[in-house]
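Enquirer: I would like to see how this sequence folds:
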Amino acid sequence: MALTSVSGRPIVPVVTVQEHISTGVPGKPVRAVEVYDFSRPTTLARDHARVLELAFETFARQWGTQLTAQVRMISQVTCEQVVMSGYDEYAASLPATTTMVLCTVEGLEAQAVLQFPSAAALFWVAHMLGGTGLPAPPERPFTQIEQALVRRLMDDALEDLRYSLGALLTLPIAVGGIQYNSQFAQAAATSDLMIVASFVVRVGDKTTAATLALPAEALLPQLGEPGPPMSATPPVDLLRAQLGWVPVDVSLRLADARVLPSAILALAVGDVLAIPHPTHRPLDLVVDGRTLARAAVGSTGSRLACIIIDTEEKTP
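Expert: Here you go, the predicted model:
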């Protein structure tokens, strides 16, 4: 029904719908939002991380030496990184099927974890028993004999760990059980903080990855507060004290002799060069070209030595 005026004509004779034309003005760009997990633990302080890295690098060298002796193959272990994370994040980063050696820490509910592929451990055990490790073993649980040998390897590894961490690990630690599923092994509560060290283990021509997770509450108290205060000793005194431990080369020197270049070029076996140094005169004790003392030639046992006669410094 159309609307009409008094005269009968339509008020709007034609009504059309115009197509919407874009003005070409770009809309607001979608703002990128960075997701932040407030439950994620804070990272290690730089000085704490460095102390732990040095300790775990020492453990890596000790563990490599121990594997070389036990497996009877050249072995090398390298520490890749040290981080702090929650146990749930650590467990999620592991393969579903792997070997997790759970280690009890006295006084703590959380356990330490030494993790590596089962196939790698079976390769080590095969060589311990005199085999070749070929063909490559699959990922599977250990037999009783294999588990006993792996536990012995882990006992030795924990000895190396205690030695390497020193005063950082004050609580006794021992091998507990062995699990093969990273999702079912509840070594700690999901929110517990762990110090996780990642390693690359090379035994013979076989390379594998391994991890070591220690409860943070077992290590952090010994690290103290980050950023220790500066020493009250003046820097000049510290530098002077440090220089006292720097080794230097010391030599005994005869008097200089002036020789023509023609004589030097014509030197032959058996030639005698006259040195203008009296036989009764002591030798000069020289450090970095500076004469510091005079000394006479002597001996101690089967080696030559010098006896200091005076310490009058002389600048050449």
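
Enquirer: quick one: Ser118 and Gly270, what's the gap?
Expert: Note on Ser118: its distance to Gly270, by C-beta to C-beta, to the nearest Å, is 73 Å. The way it works is simple: take the backbone N, C-alpha and C, and place the C-beta from them, glycine included.

Enquirer: beta partners for Arg290?
Expert: Counting by DSSP bridges, Arg290 forms beta bridges with Val287.

Enquirer: Let me know how buried it is, in neighbour terms.
Expert: Per other C-beta atoms under 10 Å, the neighbour tally for Arg290 reads 12.

Enquirer: Next secondary structure after the lowest-mean-pLDDT helix or strand in the chain?
Expert: Ranked by mean pLDDT, DSSP states H and E, the weakest helix or strand in the chain is helix 235-243, scoring a mean of 83. Helices and strands here follow DSSP states H and E; after helix 235-243, the next one along the chain is strand 250-253.

Enquirer: Could you pull out the strands in the stretch 201-316 of the chain for me?
Expert: For the stretch 201-316 of the chain, the strands defined by DSSP state E, counting those that start in this stretch cover 206-215, 250-253, 283-287, 290-300, 303-310.

Enquirer: Most tightly packed of those?
Expert: Most buried of the strands of the stretch 201-316 of the chain by mean neighbour count (mean count of other C-beta atoms under 10 Å) is strand 206-215; its value is a mean of 20.

Enquirer: Can you name every helix or strand that that strand contacts?
Expert: Strand 206-215 is packed against helix 87-92, strand 112-116, helix 118-128, strand 193-203, with contacts defined by 3 or more C-beta pairs under 8 Å, 6 or more residues apart in numbering; DSSP states H and E.

Enquirer: and the first one, what's its mean pLDDT?
Expert: Mean pLDDT, computed over helix 87-92, is 93.

Enquirer: Please enumerate residues in contact with that helix?
Expert: Identification of contacts with helix 87-92 by C-beta atoms under 8 Å, 6 or more residues apart in numbering yields 40, 110, 113, 182-183, 185, 187-194, 196, 211, 213.

Enquirer: at 6 Å what do you get?
Expert: Here helix 87-92 makes contact (C-beta atoms under 6 Å, 6 or more residues apart in numbering) with Ser182, Ala188, Thr190, Asp192, Met194, Val196, Ala213.

Enquirer: Please apply the same query to the shortest one.
Expert: Outside of strand 112-116, the residues that reach it under the criterion C-beta under 6 Å, 6+ apart are Thr98, Thr99, Met100, Val101, Cys103, Val105, Ala187, Ala210, Thr211, Leu212, Ala213, Leu214.

Enquirer: Would you mind giving the strands of the stretch 201-316 of the chain as CSV with distance to Met154 and mean pLDDT added?
Expert: CSV is the format used below for the strands of the stretch 201-316 of the chain (distance: least, C-beta to C-beta, whole Å; pLDDT from 0 to 100):
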stretch, distance to Met154, mean pLDDT
strand 206-215, 11, 96
strand 250-253, 50, 90
strand 283-287, 52, 90
strand 290-300, 49, 88
strand 303-310, 48, 89
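
Enquirer: would you turn the ones you listed into a markdown table with distance to Met128?
Expert: Output for the strands of the stretch 201-316 of the chain, formatted as a markdown table (distance: least, C-beta to C-beta, whole Å):
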| stretch | distance to Met128 |
| --- | --- |
| strand 206-215 | 14 |
| strand 250-253 | 51 |
| strand 283-287 | 54 |
| strand 290-300 | 49 |
| strand 303-310 | 46 |
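
Enquirer: Where does pLDDT dip in the stretch 1-150 of the chain?
Expert: Scanning the stretch 1-150 of the chain for pLDDT under 70 picks out 1-28, 34-42.

Enquirer: could you pull out the strands for it?
Expert: 75-86, 97-105, 112-116.

Enquirer: Ok, which of those comes nearest Gly298?
Expert: Proximity to Gly298 (C-beta to C-beta) singles out strand 75-86 among the strands of the stretch 1-150 of the chain, at 46.9 Å.

Enquirer: Direction included, what does that closest one pair against?
Expert: Strand pairing for strand 75-86, determined by DSSP bridges: strand 193-203 (antiparallel).

Enquirer: For the partner strand, buried residues please.
Expert: Residues of strand 193-203 classed as buried by neighbour count (16 or more other C-beta atoms under 10 Å): Leu193, Met194, Ile195, Val196, Ala197, Ser198, Phe199, Val201, Arg202, Val203.
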